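> the following block contains a protein sequence and its predicted model.
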Amino acid sequence: MDALKHAVHTYAARHANRDGLVLTPVPGLRMMCVESPLGDMHSIYRPLVCLVLQGAKLMTVGREQQVFSAGQSVIVSADMPVVGRIVQASRREPYLAVAVELEMTPLREVAAQLSSVRAQRPSETRTLFGEDTNAAILDCAVRLMRLLDRPDATSLLRPGIMHELHYWLLSGQHGAALRSLADPDSHASRLAAAIAILRTEYRERIPVERLAAAAAMSLTAFHKHFKHMTSLTPGQYQKRLRLVEARRLMLDEGFSATSAGFEVGYESISQFTHEYRRTFKAPPKRDALRTRSMSHGIREEMRGGERASAA
């Protein structure tokens, strides 16, 4: 665990964005290092497993809310809007985590080779799970991190590591939920087809009939199961995708609020501002200025810490 914490902290110090998030060259592998909480962080997670190495984070996914701390793993079993808030972090002991996105191909291949289990009924379906970190899963994360120093080996070694990671997850205590995701006939799997359309075409007007057809459901069943899994209607889900992307454009690429709103598909800037304020608790321009200011101060503290360490 200590070696992985050091590797994450070292890599994140060089590559983290304003939120402490690092997207790495290894597909699906990302990490986070946060020395001072920045408030709520809104995002749309793909199915993943996240290993909390240090500190603690409050996560709200749909109707579920839970605090995850060092030594625990978080499993998100569907494409979900997530609100995260770091609740334990400091310059001396920052919040550290490493996450790996799950992949349908190895998930289904491994699930097919394991003995079948009773499928979860919709009323039992959950999307957020926590457990003590399995040593075998931790080892998979360590080996994926090593590929950052050996990019030439990624295409050769990563597929085997990912198959092993999916095996340990599917054979663990929350394997039933993940098998439901892997089952092409399950509600989770069928809804994933509709969510893929929303993710790809979030800027466009998408008839709900098209989404229901992609999920092979009637309109009534589609609305019911979509709301049950995500806690949002399809329209609300699309709005969340647009708003999260608009915020990223303003903070990471310097878009103005007006340009960001139009870029993500809004036809009315007043509507964009209203929905942005409702989600992020501040109008777009004020939120962007405040977040940039906070991020700049934290980065300066981190640089100061690195200089002191070097000295």
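The structure has been received and is ready for your questions.

> number of nearby residues for Arg30?
17 (other Cβ atoms under 10 Å). To be clear about C-beta, it is placed using only N, CA and C from the backbone, and glycine gets the same treatment.

> shift numbering so it begins at 591
Renumbered: residue one is now 591, and that last one reads Arg620.

> so it sits against Asn607, correct?
No. With contact defined as Cβ atoms under 8 Å, Arg620 and Asn607 do not form a contacting pair (10.5 Å).

> quick one, helices of this protein?
592-605, 694-703, 725-736, 744-760, 765-772, 777-790, 798-804, 809-820, 824-843, 847-853, 859-870, 874-900 (DSSP state H).

> give me the contacts around the third one.
With contacts defined as Cβ atoms under 8 Å, 6 or more residues apart in numbering, helix 725-736 is touched by 591, 593-594, 597-598, 601, 616, 619, 639, 641, 663, 688, 690, 747-748, 751, 754-755, 758-759.

> what about the nearest residue to Leu697 once chain neighbours are set aside, how many residues nearby?
The shortest distance from Leu697 to any non-neighbouring residue, by Cβ to Cβ, 6 or more residues apart in numbering, is to Ala772 (4.6 Å). For Ala772, the neighbour count with other Cβ under 10 Å is 23.

> Ala772 contacts Thr695, correct?
No. Applying Cβ under 8 Å, one finds Ala772 not in contact with Thr695, separated by 9.8 Å.

> domain parsing of this structure, as residue ranges.
Residue ranges for the domains of the chain, per automatic domain parsing: 592-772, 777-881.

> what's near enough to touch Ser633?
Neighbouring residues of Ser633 by Cβ under 8 Å, 6+ apart: 671-672, 674, 834.

> now render those as CSV, adding neighbour count and pLDDT.
Below are the contacts of Ser633 laid out as CSV (neighbours: other Cβ atoms under 10 Å; pLDDT from 0 to 100):
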residue, neighbour count, pLDDT
Pro671, 22, 86
Val672, 19, 89
Gly674, 22, 91
Val834, 20, 94
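
> wait, which of these is closest to Ala811?
Pro671 (21.4 Å; Cβ to Cβ).

> test my guess that the closest one contacts Ile634.
Yes. Pro671 is in contact with Ile634 according to Cβ under 8 Å; the separation is 5.5 Å.

> intersection of neighbour lists for the two?
830, 834.

> quick one: buried residues of stretch 672-679?
672, 674, 676, 678-679 (16 or more other Cβ atoms under 10 Å).

> actually stretch 812-832, not the one I typed
812-813, 815-816, 818-822, 824, 827-832.

> beta partners for Glu721?
With DSSP bridges applied, Glu721 shows beta-bridge pairing to Ser663.

> tell me how many other residues surround Asp742.
There are 8 residues near Asp742, going by other Cβ under 10 Å.

> same check on Glu699?
Count around Glu699 with other Cβ under 10 Å applied: 14.

> residues touching the closest residue to it other than its chain neighbours, list them.
Closest residue in space to Glu699, ignoring its immediate chain neighbours: His753 at 7.2 Å, by Cβ to Cβ, 6+ apart. Shown in contact with His753 (Cβ under 8 Å, 6+ apart): 696, 699-700.

> kindly indicate which of the residues you listed lies nearest Thr881.
Pro696 (36.4 Å).

> from what I can see that closest one touches Ile751, true?
No. Using Cβ under 8 Å, Pro696 is not in contact with Ile751, being 10.0 Å away.

> how about the closest residue to Leu759 other than its chain neighbours, what does it touch?
Of all residues not flanking Leu759 in the chain, Leu768 sits nearest, at 5.8 Å (Cβ to Cβ, 6+ apart). Taking Cβ under 8 Å, 6+ apart as the criterion, Leu768 is in contact with 637, 665, 667, 692, 697, 701, 759-760.

> same thing with Gln678?
645-647, 659, 685.

> between all of those, which two are separated the most?
Ser659 and Tyr685 (9.7 Å).

> tell me, what's touching the two both at once?
Shared contacts of Ser659 and Tyr685, counting by Cβ under 8 Å, 6+ apart, come down to 642, 645-647, 678.
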